[in-house]
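J.: Give me coordinates for this.
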Amino acid sequence: MKHDSHTTTSWWSIGEWRLGWKVIAVLALPMIVAVVLGALRVQTELEEAAQLSSSSERALAVPAAINLESALYELAEAASARTDTGPATQAVSDAMDQLVDAARAFQSDDDLNDQVTSALAESRSITEEIAAGAVAPARLVSRVGEVSRALSSTFTSVVEHSQRPALREEGGRLSALWDARRALAEQRILFGSGDPDQQARTSMVSAAGAELVALNNILAIDGSNDTVQTLSNSAQNRINALGSTPSTSPLGSRVGADLKSGNDQYNSLTDTTVTEFGDTVTAESNAARTAALRDTAIVLGAVLLALAIALVISRSLIDPIRRLRFAALQAARRGLPDAIERIRAGASTDELDFARVPIRTHEEIGELARAVDDMHGQAITLAGEQATLRRQVNDMFETLSRRNKSLVDQQLGLIEQLEQDEDDPRRLENLFRLDHIAARMRRNGDNLLVLAGTDVRRARTAPVALGDTLRAAVSGVEEYRRVELGQIPPGVVTGHAAPDVVHLIAELLDNSLRYSPPETTVSINAARTIDGSMIVEIADLGIGMSPADILDANERLAAGGEMSADTARRMGLFVVSRISRRYNISVRLRPTATSSTHSGITATVLLPTSILDSSRGPEIRTPRTGPVPTLDRTPPPTPPAPSWSQPVPTESAPPRPATRSFADLPRRTPGNSTDRTETFAPITPQSTPTATAPSGLPRRTPGTSGVPAVSTSTPTTAAPATSVSSFAPLPDPEGTSTSTSLPVRTPSPEFASPAQGPEIPVGPQPSTTPPPRHRLSAPTPTNTAAFFSSRTRDGLSARASVRADGAGDGNSNGVPSAPTTMPIFARMVSEWLVDPTAETSAASTGSSWTTDADQGWLAARTSFEMPVTKIADSGLPIRDRGARLVPGAVGGGGTTQRHASNPADVQRGWSSYQSGVQRGRRRAADHQPDGGQSFESSTMLHNDEGEQ
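T.: Reported below is the predicted structural model:
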């Protein structure tokens, strides 16, 4: 079952968010809004507190600014009255110094510093202008008024627009008082010495009106102030007096006294107002700072409290869901699988109990937890019912399979009885075919038993040789004639595992044969690893599999035969995985070749040491071989059979690995039909002495029992010599070669040279007896780790080409031989119909099954191994004339008349030979500078051989 929990989803998909993130998103949005609003309010209050703090600092400089204004007006009044301006000028200078000292407290306020600096500069200019000479009163009023208005706006504009009512009230009163003082000061400057002109009087009336308006503004703010009311009445009286006095008449001393009295009252009122203004600004600044801190604490406390409440609520929501999720996953990934395994093992559902979801609430999450518990219980109940149904189906499969096997066993017993009583070779061959089909039917019955999960329960057998095990597996497939058995190292499979190993190999072989072209072969090779286990490789050149299919098949093999929807369709894969899990056998698939149309599949089977019997080796037949007779120039009357059990030493090319024919597949013992259990008994040495075939294997001597010997060998073309791969395993002691060609003569080590030409193989010789076959000597142990490496297709292609050319089985078309030459039938004819006592009889009388040509072959071999003493300049050997003649002649049933040669044919042959020699010389001269000398040496060697 595939899980999609790890699929990649978009981060913006809210539906894919985890529950914790969703809760955070729900709670975070209002919290963020509240925090932002609270922060904005706190920031506003902090800014206001900072502004009020700056206003309080400015309030400290208001008295100095008012003193500078008063000093300037005193200087202007003295200049207008044409009195001594020295004291007034000094007062202005002192007031300017005081203002500069007061402005140092707010150096960071650039705007205030600029305004104060501008007012000070204007004050110096007025002082210098007055000191330079007489200045008109109107000009003095204008210039001093500008300085007064600049100072007033500098210190009162901050609080006039404040959000606090007390500050706005104090700022408005101070600003109105400043305007009233300015208007009174202008009247005093215009009044001068007491006799202003008509224009000055008009300006005085305007200034008195402005004073009256400013005082009324103060009364609107603070109507209970008597001083302001008195000043307002005085201003009204001055207006009346100015309006009633003719322009030609002096104003009188009463107006002057009123102006002086008003100035004193303004000074007293200004001091009180400035003090109250400073106190109010300081108090409001402290209050604003306190409110800002209070609001900050309230906002932070509210945010923290909201976060705490949100965490408590979210945990009460998330924790039960997490426990529910953990319990559900635990049940799905561990609880249910464990319960199912226990049910499959035979436990009852009543005996099983599962852990409940640890949630005891009664809200929606608690109800969901109860639903999960109910689903868990229902799943266990359903698993129990399915297990019961599976056991019933398995029992049904087992019953049907065992009944079919019983019928097949009875059929096999009947076939064996017919085989015993049958003498006709053709009918016997058909019986063998029927026997083979019945054996395959029994393997299908074993497959059903494996599918049902039941052991085959065969009787315990003795250990079986690995070669016999592989041959038994080959005999269980339909196209067994396409299987080539390579070199098999000596090894023994334990008795209890041998039938299942045969079954496993047979399934792999059947799959390789089924999915490979019929003209190709399937090879079996084996090797021993360092730890003592056995590796068996089954390679074919079929259609192959894709990398994804190979990976899937290897996963299924490693799973150990798990039931799935493809079990019925891939029965062989299921059976192999089940058997491999039973004995801890490793089975892996890989491509045979990587660059071909038909890459093929190689199945690697690792047989562990637990199913290999290391305490004993395979008991094999050891042929009795005699000493190699020495070569005699005079052929003896009855030469003994030569023994070629030892390999001919070669240096130019390694020996070709023997391919086994399946004529010697394991056979059932006739007449033993009562016990159908397959018994793989070890092969024991023969109790009676037997003669030895040229291949080193024991053979029977025909004629002793009266049953004529039947030869199944046919002359074939000699197969070209091929090299043994670097990972070739040890040869099978019981393996036999299928090659029917004569041994290839190989030059001795003395002949090895760089200029040595290609070896000319000896052609096949027709014979009525099986030809002698090479028996490979046991090579040294090889590096079996290379067995798992990817092999190139050269070796398999070579084997396929050899089989396609008919070099191995006598079929020149590369097609499996006809049913009339089945290897099983040939084996039975050669070993069952031939009387085995003939061999013993021949051995006891001292005779052997030989021919007159054996002595010639022995002499040819001896002459072939003679060292070469003469070497030509080109490096080719020069043979002595007559030194390699084979003595004697093959005796026959009579002498045949020798036909005389036709002189015309001889002449044509020599002419053709001469023209060929000339063409060869010309071509050699064209391609190599010293071609003439080399060709002369070659011609000399050829002439020497011809003369021999």
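J.: Average pLDDT for the helix or strand hosting I189, rounded please.
T.: If you go by DSSP states H and E, I189 is part of helix 165-191. Helix 165-191 shows a mean pLDDT of 82.
J.: Kindly report the same for stretch 917-930.
T.: So the average pLDDT for stretch 917-930 ends up being 71.
J.: Also stretch 37-47?
T.: In this model, stretch 37-47 has a mean pLDDT of 85.
J.: Return the set of buried residues in that stretch.
T.: Neighbour counts over stretch 37-47 (16 or more other C-beta atoms under 10 Å) mark G38, R41, V42, E45, L46 as buried. Placement of C-beta: from N, CA and C, glycine included.
J.: what do you get for stretch 60-69?
T.: For stretch 60-69, burial by neighbour count (16+ other C-beta under 10 Å) applies to L60, A61, V62, P63, A64, A65, I66, N67, L68, E69.
J.: Closest one to A210 out of the residues you listed, please.
T.: Distance to A210 across those (C-beta to C-beta) is lowest for E69, with 15.7 Å.
J.: The closest one: helix or strand, and which one exactly?
T.: For E69, the element it lies in under DSSP H and E is helix 62-81.
J.: What helices and strands are in contact with that helix?
T.: Here helix 62-81 touches helix 86-103, helix 110-132, helix 137-160, helix 165-191, helix 253-330, going by 3 or more C-beta pairs under 8 Å, 6 or more residues apart in numbering; DSSP states H and E.
J.: What is the burial count for A472?
T.: A total of 22 residues lie near A472 under the criterion other C-beta atoms under 10 Å.
J.: hmm, back to that, let me have the buried residues of stretch 37-47 in a markdown table, adding distance to A539 and secondary structure as columns.
T.: Listed next are the buried residues of stretch 37-47 as a markdown table, based on distance: C-beta to C-beta, whole Å; DSSP: H, G, I helix; E, B strand; the rest coil:
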| residue | distance to A539 | secondary structure |
| --- | --- | --- |
| G38 | 80 | helix |
| R41 | 85 | helix |
| V42 | 83 | helix |
| E45 | 89 | helix |
| L46 | 87 | helix |
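J.: Quick one: the strands in the chain, in order.
T.: 464-465, 483-485, 492-493, 522-528, 534-539, 586-591, 601-607, 691-692, 698-699, 870-871, 877-878 (DSSP state E).
J.: picking that back up, with the buried residues of stretch 37-47 in mind, which one is nearest to G445?
T.: If you rank these by distance to G445 using C-beta to C-beta, G38 comes first, at 84.7 Å.
J.: coming back round to it: out of the strands of the chain, which is closest to Q51?
T.: strand 586-591 (84.5 Å).
J.: So which bits of that closest one are buried?
T.: Neighbour counts over strand 586-591 (16+ other C-beta under 10 Å) mark V587, L589, R590, P591 as buried.
J.: any chance of these in a markdown table, plus distance to L449 and pLDDT?
T.: Converted to a markdown table, those look like this (distance: C-beta to C-beta, whole Å; pLDDT from 0 to 100):
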| residue | distance to L449 | pLDDT |
| --- | --- | --- |
| V587 | 19 | 94 |
| L589 | 24 | 94 |
| R590 | 29 | 92 |
| P591 | 32 | 92 |
